[in-house]
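# Generate a structure from the sequence data that follows.
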Amino acid sequence: MIYDFLKRITDIIGSLTGLIILSPLLLLVSLAIKLDSLGPIMADTPMRAGKDGKLFSIYKFRSMVQNAHEILEKNPKLLEEYKKNSYKIFNDPRVTRVGKFIRKYSIDEFPQFFNILKGEMSLVGPRAYYPYELEEQQRNYPQSRKYVKIILSGKPGLTGVWQVTGRSEINFDKRVKMDADYVKRKSILYDFWLILKTIPAVISGRGAV
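All right, here's what the predicted structure looks like:
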């Protein structure tokens, strides 16, 4: 399909260009993370659901303290807020000083250019959901099942519709509908428009947690 071919070419060129241009920033962030807190540079995050539901490891800069997931599971109050707010925690106490900055401006997401080069992700696409998130939220929002099926037919993206229209301020049910509508649209021109819209959304830090 012409769309899939053009999208893959755009992903390869875009991710390579991004890595080259941003390489000095990536090095500085890596150093800042090591100096700011104990732990690895890259986050140890649970697997995400990719195209056709295939699981993959997503690359992200570490923005939290070590053993953040274990801390979450042992804290009932945090865990309740995490599930209640579509798997987000506002003013998360696990986030480090450097983490607050790189999360606000989505710098922690930049290593995903490597996921794009590997073909696991795309520059533009649906959110890269956790498998357990999809399972639990579909129980909470039964009407979302049809949208999730459409979403998993495409690759998750570094950016997408929900990221440029509210990011973490958008609940799961609205988010999956937006993602499904994007997957069905299949337009390279729309992809470029979303990439352009991503720049001011990231600079402003609007909706980030």
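# Least confident secondary structure element in this structure?
For the chain, using mean pLDDT, DSSP states H and E, the weakest element among its helices and strands is helix 76-84, scoring a mean of 78.
# Can you pull out the residues in contact with that one?
I71, L72, E73, K88, I89, F90, D92, P93, R94, E136 (Cβ atoms under 8 Å, 6 or more residues apart in numbering). (Each C-beta comes from the backbone N, C-alpha and C, glycine too.)
# What segments of the protein are helices?
For the chain, applying DSSP state H gives helices covering 2-36, 68-73, 76-84, 97-104, 112-117, 131-140, 145-151, 172-185, 188-204.
# any idea which of these is most buried?
The highest mean neighbour count among the helices of the chain, using mean count of other Cβ atoms under 10 Å, belongs to helix 112-117: a mean of 21.
# Look at the nearest residue to L19 once chain neighbours are set aside and report its pLDDT.
Distances taken as Cβ to Cβ, 6 or more residues apart in numbering put F113 closest to L19, at 5.0 Å, once the chain neighbours are dropped. At F113, the model reports a pLDDT of 98.
# F113 contacts S15, correct?
Yes. F113 lies in contact with S15 (Cβ atoms under 8 Å); the separation is 4.2 Å.
# Compute the inter-axis angle for the least confident helix or strand of the chain and helix 131-140.
Relative orientation of helix 76-84 and helix 131-140, computed by axes from the mean of the first three to the mean of the last three Cα atoms, to 10 degrees: 70 degrees.
# Can you give the distance of helix 76-84 from its chain's centre?
Put simply, helix 76-84 sits 20 Å off its chain's centre (Cα atoms, centre = their mean, to the nearest Å).
# now stretch 67-86
19 Å.
# start the count at 571, not 1, going forward
OK, 571 is where the count begins now, so the last one is stretch 637-656.
# State the distance from the nearest residue in space to T729 that is not next to it in sequence to L576.
By the measure of Cβ to Cβ, 6+ apart, the closest residue to T729 outside its immediate chain neighbours is T768, 4.3 Å from it. Distance, T768 to L576, using Cβ to Cβ, to the nearest Å: 19 Å.
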